[in-house]
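Here is the input, now give the coordinates:
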Amino acid sequence: MKGKKKAAAFAGLLIAAEAGGSAYLYRRTMRRNKSDVERTMKMAGTDWSQYTPLIQERRERLMAQPHEEVYKSSGDGLQLHATYFSQGDEKKAVICFHGYTSSGLNDYAGLSDYYIRNGFSMLIVDERAHGESEGEYVGFGCLDRIDACGWIDWVINHCGKEVQIILHGISMGAATVLMTSGLRLPQQVKGVISDCGFTSPKYVFTHVLRTMYHLPAFPMIQITDMANRRLAGYGLDECNAAREVRKAKVPILLIHGEADTFVPCEMCHEIEANCASEVTKLIIPGAAHAESYYKDMEAYENAMTEFIGGTVQ
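Model (predicted):
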């Protein structure tokens, strides 16, 4: 009898520990006020200090360009923010989506040089629960893809029906544009560029728990999923980039760092294998998470030029 009581008590402690761990995971990852850019950078393992002077120089050059702050409402009533940089006749535009815990201007200061040099107007978005956009819960692409459709409409209304649009995403932003590719898009959207995109938040969290925290994913992922369905309104694998690209109609360029330990390169291969539309893939040797552009700028820009040249007239 005593043995049974001890076993029951031990089981109760395990359940309490799992519930507490799941609540901690949820607070740290899914809610805006707990997500931390410094922690994310450490987990991603990319040494950004070596690129800081270049990024700062390009950010200053970008902000010297004529620009305006844009605000619009999401379908669920949040005020979303983006910064718009107009170039030339506004017939070519790129909509840029950033990574987890970052913001649009942080992630696209470096890449802005390429787009401005090539005559693209840029709409640099703050995804929900990031930057100046409202929201308590992170969308991880699952909610952001609906917001992306609203930004596409804004560009078409602002630039005119002749505009040709590229969607470019980094990390969570890449998952956003890949998930968006499975929706019915206006004919103005000509292509998608994904830099280190993941399949779904469920599989990123599972990978992080196992490789960085050395913890089993079960049952923490299942508990977190239930909480997120109730609080944020979506499941952690409800929208999966590898499934969404099976419905894609526009060409897709996949870019990934070979040394990415945060979002493993295998996810890029899985997305490629499932893609229904024309797909091109560039793997950058030695590049960590979101580092591909800076690790081999020439290869990255050449891949973009070839891809855009085949999609935008």
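
Quick one: the strands in this protein, in order.
For the chain, applying DSSP state E gives strands covering 67-73, 79-85, 92-97, 121-126, 164-170, 189-195, 252-257, 279-284.

Could I get the full set of helices for the chain?
Taking DSSP state H as the criterion, the chain carries its helices at 2-30, 37-44, 52-63, 104-108, 112-117, 144-159, 172-180, 201-211, 220-231, 241-244, 265-274, 292-295, 297-309.

show me what contacts the nearest residue to L62 once chain neighbours are set aside?
Excluding its sequence neighbours, the residue lying closest to L62 (C-beta to C-beta, 6 or more residues apart in numbering) is S112, at 4.4 Å. In short, each C-beta sits where N, CA and C put it, glycine included. By C-beta atoms under 8 Å, 6 or more residues apart in numbering, the residues touching S112 are 58-59, 61-62, 85, 122, 124.

buried subset of those?
Among the contacts of S112, the ones that count as buried by 16 or more other C-beta atoms under 10 Å are 58-59, 62, 85, 122, 124.

ok, of these, which one's closest to L143?
I124 (18.9 Å; C-beta to C-beta).

Would you mind confirming that that closest one is in contact with V70?
No: taking contacts as C-beta atoms under 8 Å, I124 lies outside contact range of V70: 9.7 Å.

Now the common contact residues for those two.
Common neighbours of I124 and V70, counting by C-beta under 8 Å, 6+ apart, are 82-84.

Buried members of these into PyMOL, please.
In PyMOL, this line selects whichever of the shared contacts of I124 and V70 come out buried by 16+ other C-beta under 10 Å:
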select buried, resi 82+83+84
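
ok, so of the shared contacts of I124 and V70, who is nearest C159?
Y84 (9.8 Å).

For stretch 300-313, give the mean pLDDT please.
For stretch 300-313, mean pLDDT rounds to 96.

Please apply the same query to stretch 124-142.
pLDDT averaged over stretch 124-142 gives 97.

distance between it and the chain's centre?
Averaging C-alpha positions (C-alpha atoms, centre = their mean, to the nearest Å) puts stretch 124-142 10 Å from its chain's average.

still on that earlier bit, for the helices of the chain, which one sits closest to V192?
Going by C-beta to C-beta, the one of the helices of the chain nearest V192 is helix 172-180, 4.9 Å.

still on that earlier bit, among the contacts of S112, which pair sits farthest apart?
Most distant of the contacts of S112, by C-beta to C-beta, are R61 and I124, 14.1 Å apart.

got the buried residues for stretch 289-303?
Applying 16+ other C-beta under 10 Å to stretch 289-303 flags 289-297, 299-301, 303 as buried.

That one: end-to-end distance?
With C-alpha to C-alpha, to the nearest Å as the measure, stretch 289-303 spans 18 Å from end to end.

next one: it to chain centre, how far?
In terms of C-alpha atoms, centre = their mean, the centre of stretch 289-303 is set 17 Å apart from its chain centre.

Include distance to P285 when you put the helices of the chain into a markdown table, please.
Converted to a markdown table, those look like this (distance: least, C-beta to C-beta, whole Å):
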| stretch | distance to P285 |
| --- | --- |
| helix 2-30 | 30 |
| helix 37-44 | 18 |
| helix 52-63 | 20 |
| helix 104-108 | 22 |
| helix 112-117 | 21 |
| helix 144-159 | 30 |
| helix 172-180 | 19 |
| helix 201-211 | 21 |
| helix 220-231 | 32 |
| helix 241-244 | 23 |
| helix 265-274 | 11 |
| helix 292-295 | 8 |
| helix 297-309 | 9 |
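
Indicate which one of these is closest to L254.
helix 265-274 (5.4 Å).

Roughly how far does the closest residue to A175 other than its chain neighbours sit from A148?
Distances taken as C-beta to C-beta, 6+ apart place G141 nearest to A175, at 3.6 Å, with adjacent residues excluded. Going from G141 to A148 by C-beta to C-beta, to the nearest Å gives 9 Å.

Nearest to M226 among the buried residues of stretch 289-303?
Nearest member of the buried residues of stretch 289-303 to M226, counting by C-beta to C-beta, is H289, at 28.2 Å.

for this protein, where's the lowest mean pLDDT among helices and strands?
helix 2-30 (a mean of 48; mean pLDDT, DSSP states H and E).
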